[in-house]
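Enquirer: Sequence first, predicted model second:
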Amino acid sequence: MSSTEIAAAAPGRGWGRARRVAAAFVARNIEFVRDRTALGWNLVMPVLIVLGFAFGYSGEPAPQYKVGVLNDGAAHPAFLDTRHVQFVPYAEADTEAAITRVERHQLDLLIDLRTQHYWVNEESAKGYLAERLLAGSDGGSGFRREAVRGRVIRYVDWLIPGVLSMNMMWSALYGVGYVIVRYRKNGVLKRLKATPLSAVEFLAAQIGSRLTLVLLVSTLVFTGTHLLIGYPMYGSYLHLLLVFALGASSLIGIGLVIAARLRTEEMADGLLNLISWPMMFLSGIWFSLDGMHPWVQKLALIFPLTHVTTAARAVMIDGAGLATIAPQLGVLAGFTLVCLGIGAALFRWE
């Protein structure tokens, strides 16, 4: 072919290439529109997230100061009527724990109405202002001062238990829920059904493998970030391991329930997103739930991730023992038994 013929044919070849690209482009768009599941998640999920945050923060603004109150009811000084201050009652038996919270800047002030004492952290700016509010109130001058000191709990110290819990959630849900559905779609489960392997044995292997990997990865992340950042660990490592083990088991159980019958990865991905995103935002991972709507705070208790994060923070930051985190451990154990039982009962090879 001469150079003149090549030049004449080049526009035709270019136009043909453009037509093929355009055809593939249109076909992919039509495929996306026809996939009602994917289209629904892309349209509905952002709206649900926006509406959820709008409702969650529709209540009164969070208080500016947090003051612990011992022996509430022994007296009622005018300071207790101060606006924009959250007063948290403590039993006399919890005095040491409350003082520890002042040392760690988790309480701005602690007052004892019976003994007329108050504790303040001299290194806390908010504690200084709360003390001035007490001194300027009617009867506040009659309280005796007790100064304490302690390291501030940084945001990263407060955040790390939630980040570890969130990473565990993604691994547990998708490592079981998504993978088993993919096995079913690709015919792997159909071939396994023809082997001597029973459904119970297959599920036990999947659950054991995922639990081992989740705990191993969480341990590595915990160790690595602790070496880099140096956040505090006041509780027992064994108690923290128990929290994460029960938390991972409950989340694996949820993934198993989702994967028990589904045939398409798209549907599994949509359901996993429907569960994981509300858990991530409503479990107190990134921010405290104190300022959110009371209904949202109660709704958060439905999610196992809330109990994992709460118990992990209690162990790491407050040095809590088994008695303190027993309610969270009980909820996680219940989630695990119920979800694993339902998932195993519903499971089908095909």
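Expert: Thanks, I have the structure now.

Enquirer: low-scoring stretches of the stretch 251-350 of the chain, by residue?
Expert: Residue ranges of the stretch 251-350 of the chain with pLDDT under 70: 290-292.

Enquirer: All the helices of it, residue numbers only.
Expert: 265-282, 294-300, 304-318, 322-346 (DSSP state H, counting those that start in this stretch).

Enquirer: Leu164: which of the ones you listed is closest?
Expert: helix 304-318 (6.8 Å; CB to CB). Where you see a C-beta, it was placed from the backbone N, CA and C, and this is true even at glycine.

Enquirer: can you state the direction angle for the closest one and helix 265-282?
Expert: Put simply, helix 304-318 runs at 40 degrees to helix 265-282, going by axes from the mean of the first three to the mean of the last three CA atoms, to 10 degrees.

Enquirer: just checking, what packs against helix 304-318?
Expert: Counting contacts by 3 or more CB pairs under 8 Å, 6 or more residues apart in numbering; DSSP states H and E, helix 304-318 is packed against helix 95-103, helix 155-173, helix 237-259, helix 265-282, helix 322-346.

Enquirer: Let's see that with 6 Å instead.
Expert: helix 155-173, helix 237-259, helix 322-346 (3 or more CB pairs under 6 Å, 6 or more residues apart in numbering; DSSP states H and E).

Enquirer: Distance from the first one to the middle of the chain?
Expert: It refers to helix 155-173. 6 Å (CA atoms, centre = their mean, to the nearest Å).

Enquirer: What residues sit buried inside it?
Expert: 157-158, 160-166, 168-169, 171-173 (16 or more other CB atoms under 10 Å).

Enquirer: And the helix or strand following that helix, what's buried?
Expert: Where DSSP states H and E defines the elements, the next helix or strand beyond helix 155-173 is helix 179-186. Residues of helix 179-186 classed as buried under the neighbour-count rule (16+ other CB under 10 Å) are Val179, Ile180, Val181, Tyr183, Arg184.

Enquirer: for the third one, what are its contacts?
Expert: In other words, Val181. Ala259, Leu262, Glu265, Ala268 (CB atoms under 6 Å, 6 or more residues apart in numbering).

Enquirer: neighbours of the residue nearest to Ser171 when sequence neighbours are not counted, just the number please.
Expert: Excluding its sequence neighbours, the residue lying closest to Ser171 (CB to CB, 6 or more residues apart in numbering) is Val214, at 5.0 Å. By other CB atoms under 10 Å, 24 other residues sit near Val214.

Enquirer: Perfect, that will be all.
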